[in-house]
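[1] would you be able to build a 3D model of this:
(one chain, ligands or ions: 2)
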Amino acid sequence: MHADVDAVVLDIEGTTSATGFVVDVLYPYARARFGALLAARGAEPEVARAVAQVRAEAGEPDADAARVEEVLGRWVDEDRKATPLKTLQGILWAEGFARGDLVSHFYPDVIEVLRRWHADGVRLYVYSSGSVAAQRAWFAHSPEGDLLGLVSGLYDTENAGPKQEADSYRTIASSTGVAPERLLFLSDRPGELDAARAAGWRAVGVRRAGEPYADADFGGHPRAAAFSQISLAARSSS
Ligand SMILES: CSCCC(=O)C(=O)COP(=O)(O)O
Ligand SMILES: [Mg+2]
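    Ligands and ions are numbered 1, 2, ... in the order given. Model (predicted):
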């Protein structure tokens with residue numbers, strides 16, 4: 001698959017990294033710490049704002065901390081990409097990465113290809129349901145060290161919007177200053193690829209063996225089983 005683009009926007013779960021790692025390592029890590037976070041730090045502005053959003057989204061304005069924790073646990077079981085859940089997970093994960101409890105996961109083809117694209121002058125961005133704080137920690141604490149220098153910007157459902165809505169991709173395009181047709185989105189989910197394409201972007205479905213969406217219908221989207229199958233026109237970095 002060949003594309004002539006100025007920037008690549010990366011989904012994380014299922015695309016750069018294994019869903020299994022997120023579900024089996026990250027989710028339990030945060031889940032085990034929600035209770036303490038809500039009890040001890042509920043007055044911190046970011047926590048308080050996320051808790052208010054959980055209550056609103058659950059339709060339970062009077063939910064106490066124990067009930068909020070229950071709701072969060074249910075959303076984790078459903079793998080719901082709710083913004084306040086991702087905010088609270090992101091706080092705990094960022095702290096876990098910083099203290100050395102966690103190291104992120106990248107598929108074996110990914111880091112080398114990202115380094116090459118970056119060296120070729122292709123700008124790299126991230127757009128994930130995981131919060132910007134979580135993304136920053138994820139790239140800063142990879143098995144190959146700090147990769148944040150490769151990345152020009154981070155987008156989530158808070159600063160860009162839901163991943164299956166074309167307007168979110170318009171917001172990102174305008175924030176990066178890159179023309180939509182010069183942006184390439186890589187994702188494992190057909191609904192996200194559809195939304196990117198509706199906003200005028202290029203989009204490639206990443207179908208990795210064993211990932212939940214590997215056998216989904218990708219419609220007319222080009223596909224790749226690994227980043228090494230995607231070739232970008234080299235651009236000068238000067
Ligand atoms: C480091 S981001 C954590 C992963 C996560 O919580 C998530 O929801 C990822 O979803 P994506 O949009 O990257 O598929
Ligand atoms: Mg994904």
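[2] CA atoms for contacts and neighbours, from now on please.
    Fine.
[3] so what's the residue in the chain positioned nearest to ligand 2 up against?
    The nearest approach of the chain to ligand 2 comes at residue 13, 4.0 Å away (Cα to the ion). By Cα atoms under 8 Å, 6 or more residues apart in numbering, residue 13 lies in contact with 19, 22, 128, 188.
[4] the helices in the protein, which residues?
    Secondary structure of the chain (DSSP state H): helices at 19-21, 27-31, 34-41, 45-58, 65-77, 83-98, 110-119, 132-140, 166-176, 190-198.
[5] quick one: which of the ones you listed is nearest residue 183?
    Checking the helices of the chain against residue 183 by Cα to Cα gives helix 166-176 as the closest, at 7.7 Å.
[6] what residues of stretch 124-143 count as buried?
    Across stretch 124-143, burial judged by 16 or more other Cα atoms under 10 Å covers 124-142.
[7] that stretch close to ligand 1?
    Yes - applying Cα under 6 Å from any ligand atom, one finds stretch 124-143 in contact with ligand 1 at 128, 129, 130, 134, 135, 138.
[8] measure how far that stretch is from the centre of its chain, please.
    Distance of stretch 124-143 from the chain centroid (Cα atoms, centre = their mean, to the nearest Å) equals 7 Å.
[9] domains of this structure?
    2-17+104-233, 22-99 (automatic domain parsing).
[10] show me which residues of the chain sit near ligand 2.
    Contact residues, the chain versus ligand 2 (Cα under 5 Å from the ion): 13, 14.
[11] so residue 199 touches residue 180, yeah?
    Yes - using Cα atoms under 8 Å, residue 199 makes contact with residue 180 at a distance of 7.0 Å.
[12] between the two, which one's more packed in?
    When neighbours are counted by other Cα atoms under 10 Å, residue 199 and residue 180 differ, and residue 180 comes out ahead with 22 against 19.
[13] residues that sit against both of residue 199 and residue 180, list them.
    Common contacts of residue 199 and residue 180 (Cα under 8 Å, 6+ apart): residue 170.
[14] so how far is the worst-scoring helix or strand of the chain on mean pLDDT off the chain centroid?
    Least confident helix or strand, the chain: strand 2-3 with a mean of 74, by mean pLDDT, DSSP states H and E. Here strand 2-3 is found 23 Å from its chain centre; the criterion is Cα atoms, centre = their mean.
[15] name the helices or strands packed onto that strand?
    strand 231-232 (3 or more Cα pairs under 8 Å, 6 or more residues apart in numbering; DSSP states H and E).
[16] can you list the strands that the strand it packs on pairs with?
    With DSSP bridges as the test, strand 231-232 is paired with strand 2-3 (parallel).
[17] right, and residue 61 touches residue 51 too?
    No - with contact defined as Cα under 8 Å, residue 61 does not reach residue 51; the gap is 10.0 Å.
[18] the two: which is more packed in?
    Taking other Cα under 10 Å, residue 61 and residue 51 do not tie; residue 51 has more neighbours (26 against 13).
[19] quick one: contacts for that one?
    42, 68, 84.
[20] ok, now residue 186?
    8, 9, 10, 11, 15, 193, 203, 204, 205, 206.
[21] JSON lines please, covering these and showing distance to residue 94 and pLDDT.
    As requested, the contacts of residue 186 are exported to JSON lines (distance: Cα to Cα, whole Å; pLDDT from 0 to 100):
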{"residue": "8", "distance to residue 94": "24", "pLDDT": "98"}
{"residue": "9", "distance to residue 94": "22", "pLDDT": "98"}
{"residue": "10", "distance to residue 94": "19", "pLDDT": "98"}
{"residue": "11", "distance to residue 94": "18", "pLDDT": "98"}
{"residue": "15", "distance to residue 94": "20", "pLDDT": "98"}
{"residue": "193", "distance to residue 94": "28", "pLDDT": "98"}
{"residue": "203", "distance to residue 94": "29", "pLDDT": "98"}
{"residue": "204", "distance to residue 94": "29", "pLDDT": "98"}
{"residue": "205", "distance to residue 94": "28", "pLDDT": "98"}
{"residue": "206", "distance to residue 94": "26", "pLDDT": "98"}
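[22] many thanks, we can stop here.
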